[in-house]
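*Asks:* Dropping the sequence and predicted coords here.
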Amino acid sequence: MLRTVICDLARLRLNPAAVCVTQVREKGHLSRPRLRNPYWFTRQQRSQTDDLVTGENRSFIKEVVHDTYGVPALIKGVQTYEQKQLIKTTEAPSTDAAPWTPNVRRCGLIARKIGQYPLWLKNGERVRTTLLQVVDNHVIKYIPPEEYRPAQRPKMPHLNRFGCVVVGAESTNPALLTKEYCGIFKDSGVMPTKNLARFIVSPQAALAPGTPLNVGHFRVGDFVDVRGKTVDHGFQGVVKRHGFKGMPASHGVTKTHRRPGNIGGGGEKGRVWPGTKMPGHMGNRWRIIKGLRIWRINTKYNVMWVQGSAVPGSTNGLVYIYDTILPLRRPKDAPPFPTLYETENEDVPEDIWYDQVHNFKDDTITYKPE
């Protein structure tokens with residue numbers, strides 16, 4: 001009733017300054033999926049045009065790339081380059097660094113979702129897991145708190161206390177990229193990568209440019225949060241998008257078998273209530289699933305088995321792995337801080353299993369001699 005009176009007074013226009021009715025339109029633009037990067041992003045791939053380059057010049061360019069970044073190699077199951085002659089930080093920091101505390105934010109990892117696989121616990125329980133492969137991660141840049149000023153401020157308190165670590169994944173041929181994009185990696189000692197990600201970290205968890213990041217950054221039994229973009233289904237109806245039952249197939253139903261029906265917008269409301277389940281774009285949104293336990297780790301191929309089969313994204317899609325923010329699932333003791341620095345002479349087991357998971361290499365039936 002009050003809204004009707006206000007609208008009637010607005011139509012009279014007795015005093016424009018006395019009554020001001022603000023209509024909120026295009027409210028759904030905040031939740032729409034982003035189909036392309038903003039225009040202020042540095043363009044990554046250059047236009048592939050015929051530059052009239054001869055075969056000898058192409059071979060010469062390939063030799064220059066191999067002399068600078070090394071020959072192509074298969075490292076931990078990922079096609080990349082050796083990069084032996086580049087400056088990389090593989091040594092652990094000095095002991096004078098600040099120790100780990102439960103409130104410290106560490107860097108995350110970039111991985112690919114490569115499939116699902118079941119595991120069995122020692123009590124016979126079956127666990128559904130998702131395989132995530134860490135793909136050739138290197139630190140590109142560290143931005144200290146006094147210099148970190150993001151264009152889009154994330155929703156977190158006390159942002160001025162944290163820095164930012166830029167991580168790259170999956171090295172690629174720099175001849176396919178633009179000059180501006182390759183300039184990002186100029187002082188990092190790492191060849192250009194296909195994917196970049198920013199992780200907000202504490203100053204004591206800063207990493208030097210060129211530091212390799214492997215699956216040993218996390219431990220078996222720890223809990224992680226995984227962020228990914230859901231599968232893009234396009235425009236879908238309410239049956240597939242929201243799981244509506246629909247109308248009967250017969251008994252007088254005409255052309256309303258999969259329609260939503262009445263949305264209850266009559267009366268004095270006279271509008272569509274925000275949040276009403278209706279047809280629309282399904283998928284292609286960033287989602288985070290929290291508190292996933294790591295059941296198994298393979299150090300040879302940089303693969304981890306995490307709890308559940310609801311990790312967002314399609315197969316071979318990129319995901320980002322963080323330390324969990326759930327208060328009851330945070331680590332009680334110090335994880336590899338700021339990360340795990342592997343050495344060539346270190347003997348690391350190929351498979352690391354959680355103590356409750358059954359290892360298929362172990363015997364399940366034992367016979368005692370009579």
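*Replies:* Looks like it came in fine. Residues are numbered from 1 along each chain as shown.
*Asks:* Spit out the contact partners of residue 145.
*Replies:* Residue 145 makes contact with 160, 161, 162, 163, 203 under the criterion C-beta atoms under 8 Å, 6 or more residues apart in numbering. Using the backbone N, CA and C atoms, a C-beta is placed for each residue, glycine as well.
*Asks:* The second one - nearest residue in space that isn't next to it in sequence?
*Replies:* Closest residue to residue 161 apart from its sequence neighbours, by C-beta to C-beta, 6 or more residues apart in numbering: residue 145 at 6.0 Å.
*Asks:* Kindly report the same for the third one.
*Replies:* Leaving out its chain neighbours, the residue that sits closest to residue 162 by C-beta to C-beta, 6+ apart is residue 200, at 4.9 Å.
*Asks:* Quick check on the one you found: phi, psi?
*Replies:* Main-chain torsions, residue 200, degrees, to the nearest 10: phi -80, psi 120.
*Asks:* didn't it look like it was pressed against residue 163?
*Replies:* Yes: counting by C-beta atoms under 8 Å, residue 163 is a contact partner of residue 200 at 7.5 Å.
*Asks:* Show me the shaky parts of the chain.
*Replies:* By pLDDT under 70, the low-scoring segments of the chain are 1-31, 49-51, 84-97, 345, 365.
*Asks:* can you give me the helices in it?
*Replies:* Using DSSP state H, the helices found in the chain span residues 2-12, 55-69, 179-182, 238-242.
*Asks:* show me the contacts for the closest residue to residue 352 other than its chain neighbours.
*Replies:* Spatially, and ignoring its direct neighbours in sequence, residue 352 is nearest to residue 297 (4.5 Å; C-beta to C-beta, 6+ apart). By C-beta under 8 Å, 6+ apart, the contact set of residue 297 is 215, 216, 218, 219, 220, 303, 304, 305, 351, 352.
*Asks:* Could I get the contacting residues of the first one?
*Replies:* Going back to what we said before, that points to residue 215. Residue 215 is in contact with 109, 134, 297, 298, 299, 302, 303, 304, counting by C-beta under 8 Å, 6+ apart.
*Asks:* Kindly provide the distance from it to residue 134.
*Replies:* 5 Å (C-beta to C-beta, to the nearest Å).
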